[in-house]
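> Below are the sequence and a predicted model for it; my questions follow.
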Amino acid sequence: MTGLVQRHGPMTFERELPFEALIGAIISQQISGKAAASIAARLKQRVALEPGALARTHHMTLRAAGLSRAKAIYLRELARFALAGGLHDLDRLEDEVVVERLTSVKGVGRWTAEMFLMFSLGRPDVWPLGDGGVQRAARQLYRIRSPRRLAQLGERFRPFRSHAAWYLWRSIDAP
């Protein structure tokens, strides 16, 4: 980890607005960052990224931006959740309460909620065990293959596991 810190410098998370962060996290599910950025840009050209506009957008408009049928549904569900006040005061809640609230939205799983904790709320101690990049980097750098061992590795970095995850991601993005 020391070599990664030296190579990549100080960790930076650019905090995002909650609604836009969740849109980005949903779009990013199970696709490359490059593909997600392209879809997000097309979506932004077609619709304002605010709850009311997104909730009213026809699902074919969302599909035309490159979203799968499921992700189009998920984004509209997220918009309805936001309109109902579901995103209010998340910054005041404990991590697990935030995860519980967000995962009540169809299409928002634990991984998406954890990315939200890290990138929108700036929480320093999130260890995304289900993240493919963290798993791949742990295999390459630490020869870790089991979820139990990955959890143990995370304990070494507590209370800054979000930082460790960021460096692990950097190790596979730009070794």
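Thanks, I have it. Numbers count the residues shown, from 1 in each chain.
> contacts, neighbours, all on C-alpha from now
OK.
> Tell me the secondary structure of residue 36, please.
Per DSSP: H, G, I helix; E, B strand; the rest coil, the local secondary structure of residue 36 is helix.
> In space, what's closest to it - neighbours in sequence excluded?
Leaving aside its chain neighbours, residue 36 sits nearest to residue 28 (5.1 Å; criterion: C-alpha to C-alpha, 6 or more residues apart in numbering).
> Just give the number of residues close to the one you found.
Applying other C-alpha atoms under 10 Å, we find 19 residues neighbouring residue 28.
> helix or strand for the residue nearest the centre of the chain, which one?
Nearest to the mean C-alpha position of the chain, counting by C-alpha atoms, centre = their mean, stands residue 115 at 2.9 Å. If you go by DSSP states H and E, residue 115 is part of helix 110-119.
> next helix or strand past that helix?
helix 132-142.
> and the residue nearest to the centre of the chain, what does it touch?
25, 128 (C-alpha atoms under 8 Å, 6 or more residues apart in numbering).
> Which secondary structure state is assigned to residue 25?
helix.
> how far away is the nearest residue to it once chain neighbours are set aside from residue 101?
The shortest distance from residue 25 to any non-neighbouring residue, by C-alpha to C-alpha, 6+ apart, is to residue 112 (5.6 Å). Between residue 112 and residue 101 the computed distance is 12 Å (C-alpha to C-alpha, to the nearest Å).
> what's the answer for residue 41, then?
For residue 41 relative to residue 101 (C-alpha to C-alpha), the value is 28 Å.
> Can you pick out the residue with more neighbours from these two?
A count of neighbours by other C-alpha under 10 Å puts residue 101 above the other of residue 41 and residue 101, at 15 against 12.
> Give me the pLDDT value at the closest residue to residue 144 other than its chain neighbours.
Leaving aside its sequence neighbours, residue 144 sits nearest to residue 138 (C-alpha to C-alpha, 6+ apart; 5.5 Å). Note on residue 138: pLDDT of 95.
> now do residue 146
95.
> any weak-confidence spans in this protein?
Residues of the chain meeting the criterion pLDDT under 70: 174-175.
> ok, 90 please
The model of the chain has pLDDT under 90 over residues 1-17, 25, 28-33, 119, 170, 172-175.
> Okay, helices next: where are they in it?
Here the chain has its helices, by DSSP state H, at 2-8, 18-28, 33-46, 51-56, 59-64, 69-83, 95-102, 110-119, 132-142, 147-156, 161-173.
> Lovely, talk soon.
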